[in-house]
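Undergrad: give the three-dimensional model of this entry:
(one chain, ligands or ions: 1)
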Amino acid sequence: MKAIGLFSGGLDSVLATKLMLDQGIEVVAITFKTPFTENSWAPKMADYLGVNIKIIETGKDYIEMVKKPRYGYGKNMNPCIACRIFMLKKAKEIMAKQYDFIFTGEVLGERPMSQGKRQLKLIEKESGLEGLILRPLSAGLLEPTMPEKRGLVNRDRLLSIKGRSRKEQIALAQKLGLKEYATPSSGCLLTDPNFSRRLRDAFSHGEEDVELLKYGRHFRLPSGKKVVVGRNEEENEIISRLLTHEDILLEVKGLPSPIALIKSKNAEDVEIAAAICLRYSDCKGKGEVKVNGTYLRVKPMDDKKLEEMRI
Ligand code: SF4
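TA: Numbers count the residues shown, from 1 in each chain. Okay, the predicted model is just below:
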C-alpha cells in the first residue's frame, strides 16, 4: 500500500504520517516550496520518520492563485481553500502514477477558513479527489474514505481529534517521544497582517517581487514607485542583493546609514528616497546621500510625510 502525505513538517503532518506508517503503509511525503512558507522542518521531520520526501517548487501559477483566489482570503492574504486545492491537485498528478490515496494532517475545525467539514468536502471535490483524501487525525469524525472502505486502512486505528486546542496532539507527541517539533503557527507569511498589507499594496501596483516584501521598511511615493529601507546590517545586505537593473541603491555619505532601494530612476523620486534614507541615518540636519556614485544634498524627510507614505 502506498500513500502520499501532504507534509509541512508541523506536528499534525508528522502525527498523521506516523499513524499511516504504523499501519504498514508506504509513505512518500510531499512538501511545497512557496515564496511565502518556511519549510525547513519538513526534511528534518521526514528524516526523523524515515520517509522519503519530495519538495515541489511552486511557480508563477501559485502567485496567480494568491492574487485571485477562487474562494477568497482568510483573515489576511491567506487564500487557504484555493491553496489546499492547488496543492492537492499537484499531489493528485503524482498519485496517478503509483499511489493508492492521499492523506493530510488536517484536523477538523482547527483552522476556521479551510478545516470545517463543509470546506474539507469542497476542497476534495474541487481537487478531483472525492473519497481519496484521508485525514488520519480526524477520520473518526468524517465519512469513511475509499482506503478505509476497501480495508487498506484500519479506521479503528485512526483518531477523532477536532478543534483548535492541540492538547491531544501534544500528548501524542509525548507518547511517541517526539521532543522537538515546529511551533503551532502556520509559518505562512500570508497569515501575517503586516506582510499581507505589503503584498496587497504590491499586487495593487502590479508588482510581484515577493522576496523584497520580507525585509525593511516600505514606502510608496506619490509617483507610485516604491522605496525600501533596511532596518539593520543584515537587511541592508539582503536588500543590496535584491537590486535589479531598474533599481537604485542609496546610502548616506560618511555616517552610519541604512541602505535604501528605490524602484525608479526618476530624479524627483530619487530625491524623496534620499530624504527618507537620510531620515533613518545618524544625520540630524542636511546631509549628502550617495546615489550612483554622485552625491545628493537633501534634508531628512519630515516624519508626518514619511507616515503618509509608509506601507
Ligand atoms: S496558511 Fe498559507 S500555506 Fe497554509 S493553506 Fe493557508 S495559504 Fe496555504
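
Undergrad: up against the ligand, what does the chain have?
TA: Residues of the chain lying near the ligand by CB under 6 Å from any ligand atom: 37, 78-80, 83-84, 114, 186, 188, 190-191. No exception for glycine: its C-beta is placed from N, CA and C like everyone else's.

Undergrad: which members of those are positioned in helices?
TA: Counting by DSSP state H, the residues of the chain next to the ligand place 80, 83-84 in helices.

Undergrad: just to revisit the earlier point, among the residues of the chain next to the ligand, which two are most distant?
TA: Thr37 and Ser114 (14.8 Å; CB to CB).

Undergrad: higher neighbour count, those two?
TA: Between Thr37 and Ser114, counted using other CB atoms under 10 Å, the more crowded position is Ser114 (21 against 18).

Undergrad: next, count neighbours for Lys253.
TA: Around Lys253 there are 15 residues (other CB under 10 Å).

Undergrad: repeat for Glu93
TA: Quick note: Glu93 (other CB under 10 Å) scores 10 neighbours.

Undergrad: element containing it?
TA: Following DSSP states H and E, one finds Glu93 within helix 80-98.

Undergrad: packing partners of the next helix or strand after that helix?
TA: Sequence-wise, the next helix or strand downstream of helix 80-98 (DSSP H and E) is strand 101-103. Here strand 101-103 touches strand 2-6, helix 11-21, helix 80-98, strand 133-134, going by 3 or more CB pairs under 8 Å, 6 or more residues apart in numbering; DSSP states H and E.

Undergrad: partners of strand 101-103 in the sheet?
TA: Its sheet considered, strand 101-103 pairs with strand 2-6 (parallel), strand 133-134 (parallel) by DSSP bridges.

Undergrad: mind putting these into JSON lines with mean pLDDT, distance to Lys305 and mean neighbour count?
TA: Written out in JSON lines, the entries for the strands paired with strand 101-103 read as follows (pLDDT from 0 to 100; distance: least, CB to CB, whole Å; neighbours: other CB atoms under 10 Å):
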{"stretch": "strand 2-6", "mean pLDDT": "97", "distance to Lys305": "47", "mean neighbour count": "22"}
{"stretch": "strand 133-134", "mean pLDDT": "98", "distance to Lys305": "52", "mean neighbour count": "28"}
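
Undergrad: for the stretch 51-200 of the chain, which segments are assigned as helices?
TA: Listed in chain order, the helices of the stretch 51-200 of the chain (DSSP state H, counting those that start in this stretch) span 60-67, 80-98, 117-126, 146-149, 167-175, 193-204.

Undergrad: for the closest residue to the ligand within the stretch 201-311 of the chain, which non-adjacent residue is spatially closest?
TA: Nearest to the ligand, among the residues of the stretch 201-311 of the chain, is Val210, at 13.1 Å (CB to the nearest ligand atom). Among residues not flanking Val210 along the chain, Pro35 sits closest, at 4.2 Å (CB to CB, 6 or more residues apart in numbering).

Undergrad: ramachandran angles for the one you found?
TA: With angles defined as degrees, to the nearest 10, Pro35 sits at phi -70, psi -10.

Undergrad: check contacts around it.
TA: Contact analysis of Pro35 by CB atoms under 8 Å, 6 or more residues apart in numbering lists 58, 62-63, 210-211.

Undergrad: are any of these buried, and if so which?
TA: 58, 62, 210 (16 or more other CB atoms under 10 Å).

Undergrad: show me which of these is closest to Gln98.
TA: Thr58 (22.6 Å).

Undergrad: ok, that closest one touching Phe36?
TA: No. Look at Thr58 against Phe36 with CB atoms under 8 Å: they stay out of range, at 9.4 Å.

Undergrad: Gln23 against Arg157, yeah?
TA: Yes. Proximity of Gln23 to Arg157 meets the contact threshold set by CB under 8 Å, at 6.2 Å.

Undergrad: which one of those two has more residues nearby?
TA: Between Gln23 and Arg157, counting by other CB under 10 Å, Gln23 is the more crowded of the two (15 against 11).

Undergrad: could you check the pLDDT of the more buried one?
TA: Predicted confidence (pLDDT) at Gln23: the value is 97.

Undergrad: now swap in the one 10 residues further on and tell me
TA: According to the model's per-residue confidence, Lys33 sits at a pLDDT of 94.

Undergrad: quick check: it touching Ile55?
TA: Yes. Assessed by CB under 8 Å, Lys33 is found in contact with Ile55 at 5.6 Å.
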